[in-house]
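Visitor: here you go, sequence then predicted model.
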Amino acid sequence: MYGAFTLSQSDKRPMYFQIMEQIKQRIMVGDWAEGQPIPSIRQLAVGLQISVITVKRAYYELEREGVIVTQHGKGSQVASTPGLGARLREQELEQHLEQAARIASQLGMPPKRLAERLREAGDRVAEKDRELI
Amino acid sequence: MTSSVIGHLILKDWRLNRRLISLCIGVGLIALVIAQYGGQVVRLLGSVWFFVSLCILGSMLPASAILNERKKQTLAFVMSLPVSSVQYAIAKALSTSAMFVVPWLTLVISALVFIETGRSIPHGTIPMLLIVAMLPLVAFCLISAAALVGESEGWLMATSILCNSSYWLVWYLLARIASLAANWTRPVAVWNSTALTILSVELGLIASIVGLALFLQSRKRDFI
Amino acid sequence: MNDLATDLAFELSGVCKKYRYFTLEDIHLKLPRGQIMGLIGANGAGKSTTIRVLMGLVHQDSGEVRVLGHRMPAEQVAAKWDIGFASEDMRLYDSLTLDWPMGFMRSIYPNWDGAYAQILLKRFGLRAEQKMKGFSHGQRVKASLLLVLARKPQLLVLDEPTTGLDPVARHEILRELTGVMAEEGRSILFSSHNTQDVEQISDQITFIDRGRIIDSMDKETYLDRWRRLRLEVPLGTELPPLPGIVGVERQGRLAVATSNDFVPDLTHAYENTGARVQSIENMTLEEIFVANVEHSREEVEA
């Protein structure tokens, strides 16, 4: 269950954050389904060879965001909210869009130009997808 | 439970030093056999060898059993076990004494048996034999105490050298005591007050050295 | 012995120990059960001394030491039944084979898990029938750890368990150490100057320098509080001292400010002076440690 988790200390983002991201990824791609039980904090810590406190933090933040649910004595599971995977993907998109907007503002790019660039990027991606088929 | 830890520590010391002990017993017994036969010189050599093997054991054993534990850094391993520093000292004292006393007793009793069964050595030598054989035992206690309490090679070497170089002097002085020397050639062992006094002095020395060492050891606050 | 005391794996209060050339001063340290504490310090900072006081091997001059509820060094025998200790300078008996200390441990400790010991032999790549004088440094360290791990003690006290090891061996050991956490209630104290290992597996982190504890808190809080701010400052502008900033390095228009108590207000405060905050970076434990030591040494000298 922990096989594909890769944590890197050279990654600038804190470890608990990386764990959160990778858990969300699993939910987004559908590997971890809504309502599915997930490893306990201790199990994950031992499996990943990291401190319990880091996993605790990751689970705490995930619970705050409504991504997972922990019941005392029963362990943790993915939240049963339908469409959770899609919602997480939406959030990821939001983050990327905000980042793009931030950089655009640093470059002094007007919003209209940014929208154009986004459309052009969308076209490029669609082109590449067609080439792969 | 703790007594088993002490027991295991004692067994450990035996396991580590069994070669040295067997060598000493072996050499001592060979020396005894040689002392029975051959001419005067060979006999003398045999007797000297007999005592020297005890002397060597007396100074090598403390080095191997006590000091090496500190030098070779195995002391941390021992102290990580459920024993206190006093219990460790007791275990050490017991094992080291046993490791000396067993060969010592073996050789002394063998010597007495040889004297009893062979006809070449008069029984009058027995008191002298015991007195002289006690010397390495006293030396051993002193060197062990120095190694245990002094915790350094310096102390061990100093007492070793002191003891090893004093043997000759003590042997010489003992040989000069008229009331002892006179009875050597007698066919019967003569236990006069001189002999008994000297023996009790030796035993008293052993007791005080051991007592002092344990006392000093219990006052230590740092183990490592 | 009150119940509260047994919730802690260990507690040192006001411990002092004076040597000729080194003094351990006013050490306050504690670890709740079931957690791992990493003790970081330079060589000679006092890690080994602290550990030895904890183990009752060295009698403190003042202060109280309690380990698993037992007072040390008075109750060290009772405590050591449940403590597994291994230190980097510890040696086993060279002339003997590895199965000798394994048998020794098995006959003394009732908790010895023979099956686990065999698993560890395989995982660590050790041969029980090999004489220990032939062991490499890495094998020796792994052998010592095997002997304490297979006992499954309540508390593991390890003095530099990964020092001098190759990356593979380090990985093997970290795996076993985190594996200990699978059982609730077992605790580990380990000292290291390898900050990466400490950052990876510790729940609590303690910094020690020149005989004093500089800081001791849980790892996530540490990593959260420390930040590096990269600033672009117009020439002629002086950066004011701000609360929570422990150091500023400046060269021309570029400055780097290090904070040990970061709040977003700091960013605003800098921007109000006309500086532009280029980036706010998390710091690795190593960077935090170095900055913390430098800061504390400056404070001591002041």
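Guide: Arrived safely, thanks for sending. Residues are numbered from 1 along each chain as shown, chains lettered A, B, ... in the order given.
Visitor: surely A:V52 and C:M181 touch.
Guide: Yes. Using CB atoms under 8 Å, A:V52 and C:M181 qualify as a contacting pair, with a distance of 5.8 Å. To be clear about C-beta, it is placed using only N, CA and C from the backbone, and glycine gets the same treatment.
Visitor: now the helices for chain B?
Guide: Under the criterion DSSP state H, helices of chain B are mapped to B:2-36, B:40-62, B:68-71, B:75-79, B:85-117, B:126-150, B:153-176, B:178-181, B:193-218.
Visitor: where does the chain dip in pLDDT?
Guide: Reading this off chain A. Within chain A, the ranges that satisfy pLDDT under 70 run A:1-3.
Visitor: not quite, I wanted chain C
Guide: Flagging of chain C using pLDDT under 70 yields the residue ranges C:1-6.
Visitor: near chain B, which residues of it show up?
Guide: Contact residues (CB under 8 Å from any CB of the partner chain) of chain C with chain B: C:52, C:55, C:57-59, C:73, C:76-78, C:80-81, C:83-87, C:89-96, C:100-101, C:104, C:107-108, C:144, C:148.
Visitor: leaving out chain neighbours, which residue sits closest to A:V29?
Guide: The spatial neighbour of A:V29 that comes closest, neighbours along the chain excluded (CB to CB, 6 or more residues apart in numbering or on different chains), is A:G85 at 7.6 Å.
Visitor: against which helices or strands is the helix or strand where that neighbour lies packed?
Guide: A:G85 is part of helix A:84-107, with elements assigned from DSSP states H and E. The contact analysis (3 or more CB pairs under 8 Å, 6 or more residues apart in numbering or on different chains; DSSP states H and E) places helix A:84-107 against helix A:15-29, helix A:111-132.
Visitor: dump the residue contacts of the residue nearest to C:G41 when sequence neighbours are not counted.
Guide: Taking CB to CB, 6+ apart, and ignoring the residues beside it in sequence, C:G41 has C:I208 as its nearest neighbour in space, at 3.9 Å. C:I208 makes contacts with C:39-41, C:45-47, C:50, C:214, as judged by CB atoms under 8 Å, 6 or more residues apart in numbering or on different chains.
Visitor: what residues does chain A put near chain B?
Guide: Along chain A, not a single residue is adjacent to chain B under the rule CB under 8 Å from any CB.
Visitor: in helices, which of the residues of chain C next to chain B appear?
Guide: Those of the residues of chain C next to chain B mapping onto helices are C:52, C:76-78, C:80, C:100-101, C:104, C:107-108, C:144, C:148, per DSSP H.
Visitor: now do stretch A:38-53: distance to the chain's middle.
Guide: Distance of stretch A:38-53 from its chain centroid, counting by CA atoms, centre = their mean, to the nearest Å, is 18 Å.
Visitor: what residues does it touch?
Guide: Residues outside stretch A:38-53 that contact it (CB under 8 Å, 6+ apart): A:1-2, A:5, A:7, A:15, A:19, A:23, A:32, A:54-56, A:59, A:68, A:75-78, C:34-36, C:171, C:174-175, C:178-179, C:181-182, C:184, C:200-204, C:218-220.
Visitor: now for the host helix or strand of C:N292, which elements pack on it?
Guide: Under the criterion DSSP H and E, the helix or strand holding C:N292 is helix C:285-301. Helix C:285-301 is packed against helix C:195-201, strand C:204-209, strand C:212-218, helix C:219-225, strand C:245-251, with contacts defined by 3+ CB pairs under 8 Å, 6+ apart.
Visitor: so C:A143 sits right up against C:F135, yeah?
Guide: Yes. Distance between C:A143 and C:F135: 6.4 Å, which falls inside the contact criterion (CB under 8 Å).
Visitor: separation between the nearest residue to C:P153 once chain neighbours are set aside and C:R186?
Guide: If the residues on either side of it in the chain are set aside, C:P153 comes closest to C:G84, at 3.8 Å by CB to CB, 6+ apart. Summarising the geometry, the distance separating C:G84 from C:R186, computed by CB to CB, to the nearest Å, is 10 Å.
Visitor: domain-wise, how is chain A divided?
Guide: What the record gives for chain A is the domain set A:15-78, A:84-132, from automatic domain parsing.
Visitor: mean neighbour count added to the ones you listed, as CSV?
Guide: What follows is the domains of chain A, written out as CSV (neighbours: other CB atoms under 10 Å in any protein chain shown):
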stretch, mean neighbour count
domain A:15-78, 18
domain A:84-132, 12
